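structure of the sequence below:
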Amino acid sequence: MTMLRDSKLWTASGVSLTFVQFLASLLLPRGLLLTSISDSVGILLMLCLVLAFARNAVTNEGRLRSVWILQTVCWSFWLADQSAWLYYDVVLQKPIPQMFPGDVVLFLAGVPMLAGLLLRPHLLPSERSTRLGIFDFLQLMLWFIYLYVYLVMCWQYVTQSPDLYNRNYDRLYLIEVLVLVAALGSLIRLSTGAWKRFYTLFLGAVLFNCLSVVAEDRAIEQNAYFTGSWYDILLTASLACFLVVAVKGRGLRPTAGTTKDENYGSWIASLAAVAVLSLPVIIVANALEPSAPQKIVHFREIVTAVTMFLMALLVFIQQRRLHRELQRTNATLEEASMTDPLTGIRNRRYFAATIGADVARSLRAHQQGSEPASRDLIFYLIDIDNFKQVNDLYGHDAGDRVLVETARRIGSVIRAADVLLRWGGEEFLVISRLADRRQGETLAHRVMQIMSERPFAVSAKREIWRTCSIGWAAFPWLQDDIESLGYEEVINMADRALIEAKKAGKNRAIAMTPSLIDPKVLNEHGAEPFVEELHLHIVGRS
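I've put the predicted structure just below:
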């Protein structure tokens with residue numbers, strides 16, 4: 001209700017000011033009073049536009065807020081230019097100079113307007129376009145400003161030529177309008193619903209404003225224009241149309257992007273690349289232009305060189321950002337490839353990537369005679385007892401819940417230096433780093449206890465009890481011959497211990513350790529293990 005009341009208020013303000021301009025142009029003779037009223041109406045309308053778009057910015061966030069801020073900047077430029085007109089017309093009471101320095105403000109007003117549209121306010125931005133698309137956008141805006149300095153300002157400040165100044169200004173303004181119309185036409189084609197109606201209204205306001213400005217310029221060239229003439233009625237009405245645009249855009253919200261959004265980003269990047277590549281062509285054409293004064297040629301060379309440097313700097317920053325994004329993406333992909341998607345713990349790929357360093361660290365600790373309490377690797381293979389029954393009786397979703405909860409429980413009792421992996425199916429592997437094999441049963445006891453002390457929730461209303469079986473072995477296999485077996489064989493020993501625990505009735509832990517026998521016998525048997533089974537059994541419900 002409040003938004004509707006505000007919309008009517010803004011619209012009524014635009015209509016009222018247009019009507020005041022109409023009455024003044026119709027009833028008042030040419031003179032200071034008509035000039036004052038006409039300029040004041042223009043200033044009030046542009047002030048309304050600044051406030052209306054600024055209010056849109058306050059009530060939004062993200063990229064949509066940036067769009068409305070850019071529109072606010074646009075009409076702030078127009079307001080500044082109109083204020084200069086009022087100063088000359090009413091205070092100084094003399095005409096605006098033919099090559100007025102404030103013309104650049106009027107031209108630049110179209111840049112933030114176009115910039116806001118290029119941000120495609122109807123779409124939610126992707127993370128990538130937000131980070132990297134801004135650089136393509138800045139390159140295009142810099143190129144557009146460069147064209148104004150190159151084509152217009154040189155005839156204003158370097159070598160004064162009113163004819164070339166006006167001709168180039170009018171051509172560049174026409175290009176600006178055509179680009180704006182093309183952008184709006186593309187947005188109308190790509191959008192739907194309220195956004196399509198908004199862009200269509202915006203396009204109508206742009207075309208109406210362009211026609212009124214062109215008509216006013218023609219009248220100025222023919223000495224037929226004066227402030228407050230009927231040309232100002234057209235201009236005032238076109239500004240009121242933009243006020244309706246601001247009102248209609250207030251309640252709009254962006255929608256999710258599509259493949260077309262990515263295509264658009266690619267197109268903008270290509271256009272920015274063309275803008276960069278056009279600079280050497282322009283500077284060559286400048287050098288080959290026979291009629292241009294030498295001062296103009298030198299000025300354009302300097303301007304082009306500065307612009308090339310700024311664009312190259314933008315490209316450099318963009319490439320740095322892109323490189324960092326690529327690094328982040330690779331790190332994310334690598335992290336995802338080493339993580340089990342169901343339980344969120346590490347997987348065999350992580351094991352393959354890190355086990356070499358763990359083994360080397362353990363061997364180095366043994367070779368250097370480090371304390372026995374912190375030099376072993378202990379491999380624990382943990383298997384959920386009777387897990388198949390969970391899937392068969394309660395479904396695979398219930399089985400997944402048990403696996404996730406098992407990973408959480410095991411992870412809660414291991415040390416920060418230890419690693420928990422999903423080894424396969426219902427089997428988990430814990431690698432206890434910098435450990436003491438003499439205390440290996442401590443971790444096994446904690447795991448068995450945490451598994452059996454409370455039930456697992458398989459649904460909102462059902463809980464079941466489960467235990468686990470554990471087999472473990474320490475690396476190096478022989479402390480006086482640390483290279484007798486590799487870590488793969490030691491894991492096989494832990495697997496054999498797990499099998500023995502299952503055979504012995506489950507819900508128990510068994511360690512595989514070598515017997516203290518004659519090393520010659522050990523060598524004759526190919527370093528096969530002579531088992532001293534350390535049984536650990538915890539009473540639980542299965």
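
can you give me the helices in the stretch 151-300 of the chain?
In the stretch 151-300 of the chain, the helices defined using DSSP state H, counting those that start in this stretch lie at 162-190, 193-221, 230-249, 259-288, 294-337.

need the winner for burial among these.
Most buried of the helices of the stretch 151-300 of the chain, by mean neighbour count (mean count of other CB atoms under 10 Å): helix 230-249, with a mean of 22. The way it works is simple: take the backbone N, C-alpha and C, and place the C-beta from them, glycine included.

now it: average pLDDT?
In this model, helix 230-249 has a mean pLDDT of 93.

show me what that helix is packed up against.
Using 3 or more CB pairs under 8 Å, 6 or more residues apart in numbering; DSSP states H and E, the elements in contact with helix 230-249 are helix 2-27, helix 32-58, helix 62-86, helix 193-221.

domains in the protein, by residue range?
2-126+135-335, 348-537 (automatic domain parsing).

do you know which of these lies nearest P341?
Within the domains of the chain, the stretch nearest P341 is domain 348-537; the backing value is 9.5 Å (CB to CB).

pull out the buried residues from stretch 485-495.
L485, Y487, V490, I491, N492, M493, A494, D495 (16 or more other CB atoms under 10 Å).

quick one: A474 is in a helix?
No. A474: not assigned to a helix; according to DSSP: H, G, I helix; E, B strand; the rest coil it is strand.

neighbours around the closest residue to it other than its chain neighbours, how many?
The shortest distance from A474 to any non-neighbouring residue, by CB to CB, 6 or more residues apart in numbering, is to R437 (3.7 Å). When neighbours are defined as other CB atoms under 10 Å, R437 has 21 of them.

cool, and L9?
11.

ok, G14 to A269 distance?
Noted for G14: a distance of 38 Å to A269, by CB to CB, to the nearest Å.

the stretch 301-450 of the chain: strands as residue ranges?
Ranges of strands in the stretch 301-450 of the chain, per DSSP state E, counting those that start in this stretch, are 376-384, 419-424, 427-435.

any idea which of the ones you listed is most buried?
strand 376-384 (a mean of 24).

tell me the strands beside that strand, with direction?
strand 427-435 (antiparallel), strand 468-475 (antiparallel) (DSSP bridges).

mind putting the ones you listed into CSV with distance to I450?
Converted to CSV, the strands paired with strand 376-384 look like this (distance: least, CB to CB, whole Å):
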stretch, distance to I450
strand 427-435, 12
strand 468-475, 9
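
can you put those strands in TSV and add mean pLDDT and distance to W68?
Below are these laid out as TSV (pLDDT from 0 to 100; distance: least, CB to CB, whole Å):
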stretch	mean pLDDT	distance to W68
strand 427-435	94	54
strand 468-475	94	60
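
of all those strands, which lies closest to F135?
Closest to F135 of those is strand 427-435 (CB to CB; 44.7 Å).

okay, the domains of the chain in a markdown table with distance to L342 next?
Listed next are the domains of the chain as a markdown table, based on distance: least, CB to CB, whole Å:
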| stretch | distance to L342 |
| --- | --- |
| domain 2-126+135-335 | 16 |
| domain 348-537 | 6 |
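
mind checking which of the buried residues of stretch 485-495 are in helices?
Y487, V490, I491, N492, M493, A494, D495 (DSSP state H).

export those as a markdown table, with columns for pLDDT and distance to C48.
Output for those, formatted as a markdown table (pLDDT from 0 to 100; distance: CB to CB, whole Å):
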| residue | pLDDT | distance to C48 |
| --- | --- | --- |
| Y487 | 93 | 76 |
| V490 | 94 | 80 |
| I491 | 95 | 76 |
| N492 | 93 | 81 |
| M493 | 92 | 83 |
| A494 | 94 | 78 |
| D495 | 94 | 79 |
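
for the residues you listed, give me CSV that also has distance to K502.
Output for those, formatted as CSV (distance: CB to CB, whole Å):
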residue, distance to K502
Y487, 23
V490, 19
I491, 17
N492, 16
M493, 15
A494, 13
D495, 11
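
just flag the most distant two among those.
Y487 and D495 (12.6 Å).

if we can go back for a sec, mean pLDDT for the helices of the stretch 151-300 of the chain: which is lowest?
Among the helices of the stretch 151-300 of the chain, helix 259-288 scores lowest, at a mean of 74.

quick check: which helices or strands does that one pack against?
Using 3+ CB pairs under 8 Å, 6+ apart, helix 259-288 sits against helix 127-148, helix 294-337.

now do the first one, average pLDDT.
Per-region confidence: helix 127-148 scores 74 on mean pLDDT.

select, out of the strands of the stretch 301-450 of the chain, the one closest to A24.
Going by CB to CB, the one of the strands of the stretch 301-450 of the chain nearest A24 is strand 419-424, 80.5 Å.

off-centre distance for that closest one?
How far strand 419-424 lies from its chain's middle: 33 Å, per CA atoms, centre = their mean, to the nearest Å.

ok, so of the buried residues of stretch 485-495, who is nearest R408?
Using CB to CB, the buried residues of stretch 485-495 come closest to R408 at A494, 22.4 Å.

tell me the contacts of that closest one?
A494 sits next to F379, Y380, L381, G471, W472, A473, M512 when contact means CB atoms under 8 Å, 6 or more residues apart in numbering.

just flag the most distant two among those.
Once CB to CB is applied, the contacts of A494 give Y380 and M512 as the farthest pair, at 11.4 Å.

overlap of the contact sets of these two?
Both Y380 and M512 are contacted by G471, W472, A494, under the criterion CB under 8 Å, 6+ apart.

next, count neighbours for the second one.
Taking other CB under 10 Å as the neighbour definition, W472 ends up with a count of 32.

skip the chain neighbours and tell me the closest residue to it.
Nearest to W472 is Y380, by CB to CB, 6+ apart, at 4.4 Å.

the one you found contacts T442, correct?
No. Using CB atoms under 8 Å, Y380 is not in contact with T442, being 11.2 Å away.

about what we covered before: out of the buried residues of stretch 485-495, who's nearest Q389?
Within the buried residues of stretch 485-495, the smallest distance to Q389 is 22.3 Å, found for D495 (CB to CB).

quick one: contacts for the nearest residue to the closest one once chain neighbours are set aside?
Nearest non-adjacent residue to D495, counting by CB to CB, 6+ apart: L381, 5.7 Å away. By CB under 8 Å, 6+ apart, the residues touching L381 are W423, E427, F428, L429, I470, G471, W472, I491, A494, D495, A497, L498.

quick check: the third one touching T406?
Yes. In this structure, F428 sits in contact with T406. The criterion is CB under 8 Å, and the distance is 7.0 Å.

was I right about N391 contacting G399?
Yes. Assessed by CB under 8 Å, N391 is found in contact with G399 at 4.3 Å.

more neighbours: the two, which one.
In terms of neighbours (other CB under 10 Å), G399 is the more surrounded of N391 and G399; the figures are 21 against 15.
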